[in-house]
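Chemist: Sharing a model prediction with you, sequence too.
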Amino acid sequence: MDLIIIGLLGGLITGISPCILPVLPVIFLTGGAQSARFDGEALPARRSRPYLVIAGLVFSFTLVTLLGSIVLGLLNLPQDILRWAGIIVLIVIGVGLLIPRFEQLLEKPFQWLPRREVQNRGTGFGVGLALGAVFVPCAGPVLAAIIVAGATGQIGVGTVLLTVSFAIGVAIPLLVFALAGRGLVERIRAFRSRERGLRITAGIAMILLAVGLVFNVPQMLQRLLPDYTAGIQEDLADKQADALDLGGLVTDENRELSNCTNGAEELEACGTAPSIRGIEQWLNTSDGAGIDLDELRGQVVLIDFWAYSCINCQRSIPHVVAWDEAYRDAGLQVIGIHSPEYAFEKDAGNVASGIRDFGIEYPVALDNQLSTWTNYRNRYWPAHYLIDAEGVVRHISFGEGNYAATEKMIRELLQDADATVDLPSSTDVVDETPERGTLTRETFLGSSKDVNYGGDDGYRAGTGDFGFPDELAIDAFALEGRWEIATQYAEPTAASGRIQLNYRAAEVRMVLAGSGEIIVTGDDGETRRIAVDGAPRSYELLSQDSLGDGTITVEVPAGIQAYSFTFG
C-alpha cells in the first residue's frame, strides 16, 4: 500500500512540474478540444477521447519504462528506438490532422472498424500510446527507482505497482487539463464553429512537440524554468525512505535496512546483510574466486560501493584503504563493490588500473549490472555498509564524510567480535569532504545527463557547431568548434575543440578517455599540457590551496572523449 501511495504522490508532483509543459498543448487539443461537440456536427464527438488518450499514455509509459530497456537489450537494439518511434508516430498523426487526404490513407488499414468509430476522430488511444513512448518526465526519486529497476531487470509486483501508480498520478493532472480544454471549447461560441481550425492547430502542436523532442526542448525548458516541485520531491523521498529507494525496491532480503539511519553516530540493527549477487568478475582475490558473506561470519565486514572515476569516491577511498590496512589483522574484511556510472567503468582492465592507482588491496567485485547495488537499495557513490560478526548490518553511510563515526563503530564491532583483540591507533587520514554548496556540482558532458550547460546553442545528441557565449554563468560550461555529443561524452570532430568552464573549487578534474594531449589555460593566461592515454580516468586540471572561483579553457584534440568535470 505504501508503494501505491508513494507512486501516486510522486506522479501527481511530476504532473504539475515544469517538464510537463511541452505536453500540455497536445493534451489540451487532441484529448480535450477534439472531444468537444461542435455546431452543425452530424455525429457527436467521442466523449471518451480524453480518457482514452490518457489511458494510452499510461499503458505505453508503463511498458516502455519497465520492459523497454530489457527487451531492447535482448534484441540488441538501440535504447532510444522506442522514443524515436513515438516521435515518428506523433509527426504522422499531426500531418494527418493537417491534411485530410493523408488522414484517409492512415485510416485505410482500419476500415474493418465500424465507420462511426473512424468518423468521430478516432479513439485517441493511439495518440496516448505515442505520447507515453516519448514522455520522459522529470526524474524525481520515484521515477529514478522505477528506471533503475527496469534497466536491471529487478521487476516484481512492487515495481509494477509503483510504476502503474506513478503513471496514474501523472495522468490525473493531464486528464483534468484535457477535460478543461473540452469545457473551454464548448463554452466559447467562437470555438464551436471552428472544428477544422482546431484540428489544424492540434496537428501543428503535435508536430511541434515531436520536433521539440528531437531537439531536447523539454530539457532546455527545465534548465530555464525554476523547478517549483523539487523541494516537494525531496521531501517525499526523505519521508518515505522506508519504502522507496533510488537504487532498488524493498524486498524481504533488504527490508530491514530501513532500520538504519544514514550517517548515524551509534550502531543500529538493520537485519541480515543482503547477499552479494550478479558479480561479473572479482579482482584482488585468489584465482578470481568470489566471496560469500555467509562464509565471513565471525569477521566484521565493510562493504564500499564505489566507481573509480567518481570524484566523491576518490576522496573517500583513502579512508577505506587506511581502515583495511589498520584493521585487517584484527578481523576486518573490506569488500569493494564497483558499480559503474559510465560504460568504460565496466571494463575490468580499467577498474584494475584504478585499483592500482588507489592502492586498493582488498577484494573488489565488478557489479556491472548493478545487481548488488539494487539488492542493497543503494543510492550513492560512495556508500558504506558496516556488518557485524553475526552478519547483521549495523551502520550505513551514504556519500562522503562521517569517517570518524564509521571508524569508531568499526573498532567497537571488532572488540565485540573478539574482546581480546589488540587494536592499533585510529587512522589519521584528513577528511577532505567539501562544505555543501561551496563547489560547482559534478558536470556531465554527455547528452543523457548534461548539466550546467551555458552556451547559446542547443545541447543535444548528435554532431553540431558550437560557440562560446558573450557571458558564461558561474558553474556553467560551453563548447567551441564542431563536436559530437554522445550519450555519455563529447568529442571534437574537427582537429580540436575548446571547452570553457566557470568553476567554484580548489581542485578541478576531468574524466577523459582516448589518446592525445589537452591544453588547459587558466585566468592568468598560463597554459598547461596534459597527456591523456591508457584507461579512461580522471585527470587533474587545476589545484590550488583554497576554494576560489575562476575560468579555465580546455582545448581537446580529436580522438579524446570528455565525460565530465568534477570538483574538490
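Modeler: Thanks, I have it.

Chemist: Name the helix or strand of the chain that has the lowest mean pLDDT.
Modeler: helix 115-119 (a mean of 43; mean pLDDT, DSSP states H and E).

Chemist: residues of stretch 502-517 that come out buried?
Modeler: 502-514 (16 or more other C-beta atoms under 10 Å). To be clear about C-beta, it is placed using only N, CA and C from the backbone, and glycine gets the same treatment.

Chemist: err, stretch 328-342, not the other one
Modeler: Across stretch 328-342, burial judged by 16+ other C-beta under 10 Å covers 330-342.

Chemist: ok, the closest residue to I485 other than its chain neighbours - contacts?
Modeler: Nearest residue to I485, sequence neighbours excluded (C-beta to C-beta, 6 or more residues apart in numbering): S447, at 5.0 Å. Counting by C-beta atoms under 8 Å, 6 or more residues apart in numbering, S447 touches N216, Y459, R460, A461, I485, A486, T487.

Chemist: just the buried members of those residues?
Modeler: By 16+ other C-beta under 10 Å, the contacts of S447 give N216, Y459, A461, I485, A486 as buried.

Chemist: Among the residues you listed, which ones are in helices?
Modeler: Within the buried ones among the contacts of S447, no residue falls in helices by DSSP state H.

Chemist: can I get these in JSON lines with distance to D524?
Modeler: Converted to JSON lines, the buried ones among the contacts of S447 look like this (distance: C-beta to C-beta, whole Å):
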{"residue": "N216", "distance to D524": "36"}
{"residue": "Y459", "distance to D524": "29"}
{"residue": "A461", "distance to D524": "36"}
{"residue": "I485", "distance to D524": "30"}
{"residue": "A486", "distance to D524": "33"}
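
Chemist: Quick check, E484 in contact with A490.
Modeler: Yes: E484 is within contact range of A490, at 7.1 Å (criterion: C-beta atoms under 8 Å).

Chemist: which one of the two has more residues nearby?
Modeler: A490 (25 against 16; other C-beta atoms under 10 Å).

Chemist: Just give the closest residue to the more buried one, not the sequence neighbours.
Modeler: Closest residue in space to A490, ignoring its immediate chain neighbours: L445 at 4.3 Å, by C-beta to C-beta, 6+ apart.

Chemist: What about that neighbour, how many residues nearby?
Modeler: L445 has 27 neighbours, counted by other C-beta under 10 Å.

Chemist: Let me know the pLDDT of it.
Modeler: pLDDT for L445: 85.

Chemist: likewise T566?
Modeler: 82.

Chemist: Kindly report the same for L3.
Modeler: pLDDT recorded at L3 is 63.

Chemist: Check which residues of the longest helix anywhere in the chain are buried.
Modeler: Using DSSP H, we find that the single longest helix of the chain is helix 157-187. Of the residues in helix 157-187, 158-159, 161-171, 173-175, 177-179, 181-182, 185-186 count as buried by neighbour count, 16+ other C-beta under 10 Å.

Chemist: Same question for stretch 319-328.
Modeler: For stretch 319-328, a neighbour-count test (16+ other C-beta under 10 Å) marks H319, V320, V321, A322, W323, D324, E325, A326, Y327 as buried.

Chemist: Then stretch 530-542?
Modeler: Under 16+ other C-beta under 10 Å, the buried positions of stretch 530-542 are V532, A535, P536, R537, S538, L541, L542.

Chemist: Among these, which pair sits farthest apart?
Modeler: The distance between the two most remote of the buried residues of stretch 530-542 (C-beta to C-beta) is 22.1 Å, for A535 and L542.

Chemist: Report the secondary structure state of the residue nearest to I485.
Modeler: coil (DSSP: H, G, I helix; E, B strand; the rest coil).

Chemist: Report the separation between it and A505.
Modeler: According to C-beta to C-beta, to the nearest Å, S447 stands 24 Å off from A505.

Chemist: Same question for V556.
Modeler: V556 sits 20 Å away from A505, going by C-beta to C-beta.

Chemist: G467 too?
Modeler: The spacing between G467 and A505, counted by C-beta to C-beta, is 25 Å.

Chemist: repeat for G15
Modeler: Distance from G15 to A505, by C-beta to C-beta: 37 Å.

Chemist: picking up where we left off before, show me how far the longest helix of the chain is from its chain's centre.
Modeler: When C-alpha coordinates are averaged (C-alpha atoms, centre = their mean, to the nearest Å), helix 157-187 and its chain have centres 24 Å apart.

Chemist: any idea of the mean pLDDT for that helix?
Modeler: 79.

Chemist: by contact count, what packs against it?
Modeler: For helix 157-187, the packing partners by 3 or more C-beta pairs under 8 Å, 6 or more residues apart in numbering; DSSP states H and E come out as helix 2-15, helix 49-63, helix 141-152, helix 189-192.

Chemist: Next step: the contacts of S447 restricted to strands.
Modeler: Those of the contacts of S447 mapping onto strands are I485, per DSSP state E.

Chemist: now, which of the contacts of S447 sits nearest N375?
Modeler: Closest approach between the contacts of S447 and N375, by C-beta to C-beta: T487, at 26.1 Å.
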